[in-house]
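In: A structural model of the following input is requested.
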Amino acid sequence: MLQILWNYVAYAGVSGLKQSAEQKHVVLINGLCISISLFSLLNLLLSALFVGTHPYQWIFLAYSFLLPFSIVFNHKQRYLTARLYFSSLSLGALVCGALLFGYESQFYLFIASVILLSFFLFPDHEQIWPYLVSAAGIAALIYILIEQPAAAPGFPVELISLQSKITTASFFFLVTLFAVYIRKSFLITERYLEAERHKSEKLLRNILPAKVIEQLRENPDSIAERFEDCTVLFSDIVGFSELSRKLSAVEVVRLLNDLFSAFDDLAEKHGLEKIKTIGDAYMAVGGLPEPDPEHAERIARFAIDLLSVISNYRREHDHALEIRIGIASGAAVAGVIGKKKFIYDLWGDSVNTASRMESHGLPGQIQVTENTYSLLKDKFLFKERGSIEVKGMGLIRSYFLEGPAL
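Out: Residues are numbered from 1 along each chain as shown. Alright, predicted model coming up:
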């Protein structure tokens, strides 16, 4: 029951805020109002038990009942009013108490608590107010130290001594609470930053290879590296343009997402690097950024699996889709260029040739260059297509990859 009541009061006004960063300021001030009011009442009770009643008690009794109005302001979503009301009322009560009890009561120590609290009560867009509250608190402290008598006249020595002990103990208790709060906030922030770092790392690894990420961290300038032996694959979905005219935009995106997600899983399975997608075209490479002597074989097995993905999708969804695949092996330059929306990309003759192998290929076929054929002829079955005229490259001898050798 007490927990329910505490949550109801402590979270008053929180529902009116969408930013969690601002919600904590409201919860903090509500919790402080409850705690300080109860503490003030306990202080009054102790002084009444040990030294009897005294007119000064009316001041702190009034403070105990007036302070919770900050919660009311928060509940009405008047958040700045609540913070300023809390700060000014607390400073006023403390100045009165310090002047009332005298220097020996050490009541002025509580003013330092208000100054410290002010930097936790106000959100970032209200950062002028903590400095103004601090300036007011420092000015009040200087005035008290100048004007405050050593011992207030008319007060029993026992009361001043008791108040000094309560003030000292309470001040150190508050400092401990601040330390706990700061440590908790620090740990929460640290865990949040660590979680965000993992998210950013995961996102970055979905964009760039791990080796390239490390290179960028060490040298943020453009990265380029030449690889003498790699195998590049281009694929294009045949019949996609016609099908996209019959489907809604959402259905088109869903179709591509389903297919390319399956392609991504296969690229990871075969240890390949996905380079990019352009429309319904998919590009992957084997043998970089980490050199791999089996780059051509991995690409070949990947290409065969792509045919199976399209075949299964066509059968399950009754769409007239095919895939055309081109593969070439050789040298390439890989790197990251630019400052915004950068990607890991490839350049070179092997890239251009693989693209031509795809565009000059046939639906449902995997067309490879003679270089790739030479690397794979002992492990896979091929059908020679012969020499084909390729724009800008002349005659190129090509082969159709049919599957692994028995």
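
In: any idea how far residue 179 is from residue 186?
Out: Separation of residue 186 from residue 179 (CB to CB, to the nearest Å): 10 Å. C-betas here are computed from N, CA, C, even on glycine.

In: Ok, residue 405 next?
Out: Residue 405 is 71 Å from residue 179, by CB to CB.

In: Then residue 323?
Out: Counting by CB to CB - residue 323 and residue 179 are separated by 64 Å.

In: And residue 201, by the same measure?
Out: For residue 201, the distance to residue 179 - CB to CB - is 32 Å.

In: Equivalent analysis for residue 104, please.
Out: To residue 179, residue 104 is 27 Å away according to CB to CB.

In: which of those two has more neighbours?
Out: The neighbour comparison of residue 104 against residue 179 (other CB atoms under 10 Å) goes to residue 104, with 17 against 10.

In: measure the more buried one to residue 161 for me?
Out: 8 Å.

In: hang on, residue 95 packs against residue 144?
Out: Yes - at 6.5 Å, residue 95 counts as touching residue 144 under the criterion of CB atoms under 8 Å.

In: Need the overlap of contacts for those two.
Out: residue 111 (CB atoms under 8 Å, 6 or more residues apart in numbering).

In: And the two? Which one has more around it.
Out: residue 95 (21 against 18).

In: For residue 137, see how far away that one is.
Out: Residue 95 is 9 Å from residue 137, by CB to CB.

In: Can you pull the residues that touch both of those two?
Out: With CB under 8 Å, 6+ apart as the test, residue 95 and residue 137 both reach residue 111.

In: mind checking the SS state of residue 332?
Out: strand (DSSP: H, G, I helix; E, B strand; the rest coil).

In: Not counting residues beside it along the chain, what's closest to it?
Out: Excluding the flanking residues, the one nearest residue 332 by CB to CB, 6 or more residues apart in numbering is residue 348, at 4.0 Å.

In: so how many other residues sit close to the one you found?
Out: 18.

In: residue contacts, it?
Out: 330, 331, 332, 333.

In: pretty sure the third one contacts residue 351?
Out: Right, residue 332. Yes - judged on CB under 8 Å, residue 332 makes contact with residue 351 at a distance of 5.7 Å.

In: what residues do these two have in common as contacts?
Out: residue 232.

In: ok, these two, which is more surrounded?
Out: residue 332 (26 against 23).

In: does the more buried one have beta-bridge partners, and which?
Out: residue 227 (DSSP bridges).

In: next one: residue 278
Out: According to DSSP bridges, beta-bridge pairing links residue 278 with residue 281.

In: isn't there a helix covering residue 65?
Out: Yes - with three-state DSSP as the criterion, residue 65 is located in a helix.

In: tell me the pLDDT at it?
Out: With respect to pLDDT, residue 65 scores 83.

In: quick one, what contacts the residue lying closest to it once chain neighbours are set aside?
Out: Once flanking residues are discounted, residue 65 sits nearest to residue 37: 7.5 Å by CB to CB, 6+ apart. Applying CB under 8 Å, 6+ apart, we find residue 37 in contact with 64, 65, 67, 68.
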